[in-house]
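> Show me how the following folds:
(one chain, ligands or ions: 1)
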Amino acid sequence: MYNRMTRFLILTLILFSAVSISVKAQLIKPVYLDETRPVEERVKNALSLMTLEEKVALCHAQSKFSSKGVARLGIPEVWMSDGPHGVRAEILWDSWGYAQWTNDSCTAFPALTCLAATWNPEMSAIYGKAVGEEARYRNKTVLLGPGVNIYRTPMNGRNFEYMGEDPYLASVMVVPYIQEVQKNGVAACVKHFALNNQENWRGHINVELSDRALREIYLPAFKAAVTEGKVWSVMGSYNQFRGEYCCHNDLLLNKILKGEWKFDGTVITDWGGAHETKQAALNGLDIEMGTGTDGMTRSLKNAYDNYYLALPFLDELKKGSIPESVVNDKASRVLRMIFRTTMNSKRPYGSLATPEHAQVARKIAEDGIVLLKNDGSILPLDASKLNKIAVIGENATRKMSEGGGSSELKPRVEISPLKALQSKYGSKITYARGYASGPPAYGRAIPSKLNADSLRNEAVKIAESADMVIFVGGLNKNHNQDCEGGDRKSYNLPFGQDKLISEILKVNKNIVVVLVSGNAVAMPWVDKVPAIVQAWHLGSEAGNAITSVLSGEVNPSGKLPFTFPKQLSDCGAHSFDKLCFPGDSIREVYKEDILVGYRWYDTKAIPVQFHFGFGLSYTTFTLSKPTTDKTDYAKTETVKMTFSVQNTGKVAGSEVAQIYITQENAPIMRPAKELKGFKKILLKAGVKKSVTIPVKVQDMAYWDEKTSNWKVDPGKYTLSLGTSAGDIQYLGSVQVK
Ligand code: GLC
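Next comes the predicted model:
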């Protein structure tokens with residue numbers, strides 16, 4: 001009896017106290033923890049509870065890739081990770097070294113040049129979803145990507161990480177990636193804002209250019225990321241713009257990004273991009289990462305307190321020389337990012353290196369590979385007619401996820417072209433390395449010790465006795481190739497590949513050149529090689545994607561996101577002087593102005609090797625004459641251009657219809673044409689489909705430097721419909737009132 005009664009009383013007591021605690025907790029749950037309240041209220045409430053020291057602590061690194069939260073209030077710290085193509089392996093607390101974890105292998109997705117080459121926003125959406133799931137699973141608050149710096153010169157070491165030479169293509173393709181990453185409760189971080197279009201002297205070069213070039217070419221993709229993608233963070237670039245570092249640049253960050261574009265997220269430096277406390281405080285920077293203050297970069301002692309936005313910032317605030325409103329704005333932005341990510345209890349859990357993600361990587365790769373040449377339909381390979389296929393080239397086996405700088409990954413799987421070709425064609429395949437490039441080493445190129453002649457002779461030998469040669473070359477992720485921290489030294493293929501290809505051609509004309517790269521290259525052999533495939537850096541599924549295209553399992557549908565000039569001197573940035581590129585080591589003036597990429601070649605009538613927007617298929621397509629829904633448009637309206645596309649070949653395939661606009665009799669210099677609409681259409685053999693592409697009249701505007709605003713002149717505009725910048729099939733024209 002006694003026991004039963006006692007037990008009952010104890011139970012009741014426990015129950016009562018549990019209920020009362022939870023009621024009390026409910027009653028006194030602070031607003032910032034209450035997810036039923038709007039984020040802005042939660043931000044204000046959290047801020048009101050924080051000390052000045054806690055606010056300052058939110059504004060700078062606590063480790064190589066993390067910054068503080070507010071532990072006392074249960075607000076978690078911010079963890080950031082590269083990169084745009086996948087979640088980088090864990091880095092040590094206080095140095096660039098890897099932490100050697102064994103549970104952080106990821107899926108390596110194709111480089112963003114490949115994503116751009118799909119011309120397919122659906123690919124951007126599945127990309128963002130998958131890479132966002134991996135970043136979420138790895139508990140990252142911020143994924144340091146995507147990069148959208150414009151492809152100004154083929155020499156830029158980091159072009160492979162970006163989305164090509166056209167602001168409209170990059171603006172369309174960047175948005176779904178960001179939206180889908182952020183649905184995982186991970187902040188995307190669009191980078192590098194702005195004008196980081198080369199690696200040479202990137203840490204300080206002072207870029208100068210016209211307002212038109214800034215607005216019409218270099219900012220649009222960032223503007224789309226912010227105003228349409230609603231990106232939660234932006235990374236400032238290392239370089240200067242008009243004499244101010246971009247990581248604390250009043251015009252870029254305060255006036256344009258946070259003013260005009262109403263960006264409510266967090267500006268994060270590139271690692272080491274901050275240079276001065278007051279500027280960092282007053283010119284729009286929110287979180288300072290990777291700084292080497294007072295030469296303490298290499299000290300083992302925690303130098304984070306000496307960051308510009310650390311104790312020096314706190315001192316200025318305490319002295320009152322910087323108003324507390326400045327740190328309140330920064331802290332609010334960081335808190336807002338935290339509430340949107342790690343403190344959103346409804347965010348999904350993510351997943352890492354799953355078969356589903358491998359499929360996404362493969363789908364994007366297959367959709368982005370570009371068939372540049374296919375004389376005599378040598379492709380797709382007909383295995384029944386081929387007994388011996390010689391695969392030649394180091395890129396057939398090289399791990400491309402290694403090296404390249406901060407976008408480097410540790411994939412769970414990386415299927416090489418040779419592996420996939422061997423599993424498809426078995427003993428028909430023979431292999432020779434053909435050339436050697438040396439190991440990926442950050443900041444310096446280490447030549448291979450292997451003998452180039454013997455490598456070449458061995459390759460020519462297997463080529464001689466083969467029915468078909470598949471040459472897999474291109475660039476790689478070594479320094480001065482497709483790699484951060486340096487630019488290319490030549491427009492030609494490196495490591496003796498041109499000579500090797502010409503030697504192979506002497507013994508075997510049946511050669512397919514597969515280029516694994518993120519940049520245009522010179523092709524002295526272009527007329528002698530029957531087939532050329534631009535295969536990008538494709539990540540974990542590289543070999544499978546390349547093999548499915550070569551075998552015809554997949555019909556290639558990629559289109560170039562940048563032009564391949566015949567020679568470097570044809571390129572706008574290389575048509576002036578050193579000051580124009582690479583600069584005089586202090587400043588650089590973009591003298592080609594708005595004529596970047598095809599805008600230059602078209603306007604100057606310079607023939608090119610392969611046009612922007614170009615890509616072949618294993619089938620053929622025809623477009624019909626287009627019509628527009630009206631002939632006269634108000635500036636706020638949208639032109640709807642309608643036409644049909646027919647697949648006139650024997651296999652299903654996709655075509656990308658492109659619309660370029662030209663202002664007739666413009667009062668100022670405008671490019672010959674500008675991409676302002678496109679659509680990728682998948683069609684079964686023989687099928688014809690009606691397609692309508694909208695072109696906003698507002699998108700036909702130019703930046704009027706007199707009024708510092710966008711301007712659409714009334715008058716006649718030509719709409720060019722085609723399947724590349726070099727293949728315009730119909731012209732339509734409209735009047736803007
Ligand atoms: C690097 C890169 C940037 C990267 C960051 C962190 O210098 O410029 O893209 O996200 O530092 O690795």
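
> Now the residue in the stretch 351-500 of the chain positioned nearest to the ligand. Its backbone dihedrals?
The nearest approach of the stretch 351-500 of the chain to the ligand comes at residue 406, 3.5 Å away (C-beta to the nearest ligand atom). (C-beta placed from N, C-alpha, C; glycine too.) With angles defined as degrees, to the nearest 10, residue 406 sits at phi -70, psi -20.

> That one and residue 473, how far apart?
Applying C-beta to C-beta, to the nearest Å, the value for residue 406 to residue 473 is 25 Å.

> Which one's more surrounded, the two?
residue 473 (27 against 22; other C-beta atoms under 10 Å).

> Which strand or helix spans that one?
strand 468-474 (DSSP states H and E).

> Which strands and helices lie in contact with the helix or strand following that strand?
With elements assigned by DSSP H and E, the helix or strand that comes after strand 468-474 is helix 497-507. Where contact means 3 or more C-beta pairs under 8 Å, 6 or more residues apart in numbering; DSSP states H and E, helix 497-507 is packed against helix 452-464, strand 468-474, strand 511-516.

> tell me the SS of residue 366?
Under DSSP: H, G, I helix; E, B strand; the rest coil, residue 366 falls in the helix class.

> what residues are up against it?
545, 548, 549, 554, 556 (C-beta atoms under 8 Å, 6 or more residues apart in numbering).

> what does residue 174 give?
With the criterion set at C-beta under 8 Å, 6+ apart, residue 174 makes contact with 124, 146, 148, 163, 190, 221, 224, 225, 229.

> could I get these as CSV with distance to residue 725?
Shown next, in CSV, are the contacts of residue 174 (distance: C-beta to C-beta, whole Å):
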residue, distance to residue 725
124, 21
146, 24
148, 20
163, 16
190, 26
221, 18
224, 21
225, 24
229, 26
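
> Just those: which are in helices?
Among these, the ones falling in helices (DSSP state H) are 124, 221, 224, 225.

> And the pLDDT for the first one?
The reference is to residue 124. Per-residue pLDDT puts residue 124 at 99.

> what about it, distance to residue 400?
For residue 124, the distance to residue 400 - C-beta to C-beta - is 21 Å.

> Please say which of these two ends up with more neighbours.
residue 400 (29 against 25).

> if I look at the residue lying closest to that one once chain neighbours are set aside, how far off is the ligand?
Nearest non-adjacent residue to residue 400, counting by C-beta to C-beta, 6 or more residues apart in numbering: residue 537, 5.0 Å away. As judged by C-beta to the nearest ligand atom, to the nearest Å, residue 537 and the ligand stand 16 Å apart.

> near the ligand, which residues of the stretch 351-500 of the chain?
residue 406 (C-beta under 6 Å from any ligand atom).

> Identify the residues contacting stretch 44-57?
30-32, 37, 67-68, 70, 72-73, 75, 309-310, 313-314, 317-318, 324, 327-328, 330-332, 335.

> out of the residues you listed, which are inside helices?
Those of the contacts of stretch 44-57 lying in helices (DSSP H): 313, 314, 317, 318, 324, 327, 328, 330, 331, 332, 335.

> of those, buried ones?
For the ones in helices among the contacts of stretch 44-57, a burial check counting by 16 or more other C-beta atoms under 10 Å picks out 313, 314, 317, 327, 328, 330, 331, 332, 335.

> The third one: what's it in contact with?
This points to residue 317. 52, 56, 324, 326, 327.

> Quick check: nearest residue in space to the fourth one, chain neighbours excluded?
It stands for residue 326. Distances taken as C-beta to C-beta, 6+ apart place residue 281 nearest to residue 326, at 5.5 Å, with adjacent residues excluded.

> wouldn't the one you found be in contact with residue 307 here?
No: Residue 281 is not in contact with residue 307 according to C-beta atoms under 8 Å; the separation is 11.7 Å.

> These two: which is more packed in?
A count of neighbours by other C-beta under 10 Å puts residue 307 above the other of residue 281 and residue 307, at 28 against 24.

> about what we covered before: let's have the contacts of residue 174 in a markdown table, adding distance to the ligand.
As requested, those are exported to a markdown table (distance: C-beta to the nearest ligand atom, whole Å):
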| residue | distance to the ligand |
| --- | --- |
| 124 | 19 |
| 146 | 10 |
| 148 | 12 |
| 163 | 15 |
| 190 | 11 |
| 221 | 15 |
| 224 | 19 |
| 225 | 15 |
| 229 | 18 |
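
> Quickly name whichever of the residues you listed is closest to residue 619.
residue 124 (24.5 Å; C-beta to C-beta).

> And the closest one, how far from residue 103?
Distance from residue 124 to residue 103, by C-beta to C-beta: 28 Å.

> same deal with residue 162?
Taken as C-beta to C-beta, the span from residue 162 to residue 103 is 30 Å.

> the more surrounded of the two?
More neighbours surround residue 162 than the other of residue 162 and residue 103, with 29 against 8 (other C-beta under 10 Å).

> need the contact list for that one.
112, 113, 116, 147, 148, 149, 150, 151, 170.

> Can you tell me which of the ones in helices among the contacts of residue 174 has the most neighbours?
residue 221 (30 neighbours).

> how about the helices in the stretch 51-200 of the chain?
52-57, 112-118, 121-137, 167-182 (DSSP state H, counting those that start in this stretch).

> Any chance you could give me the shortest one in PDB, C-alpha atoms only?
The C-alpha coordinates for helix 52-57 follow below in PDB (Å, rounded to 0.1, in the frame of the first residue of the first chain):
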ATOM      1  CA  LEU A  52      28.800  44.800 -28.000                       C
ATOM      2  CA  GLU A  53      31.500  42.100 -27.900                       C
ATOM      3  CA  GLU A  54      29.100  39.400 -29.000                       C
ATOM      4  CA  LYS A  55      27.900  41.600 -32.000                       C
ATOM      5  CA  VAL A  56      31.500  42.200 -33.100                       C
ATOM      6  CA  ALA A  57      32.300  38.500 -32.700                       C
END
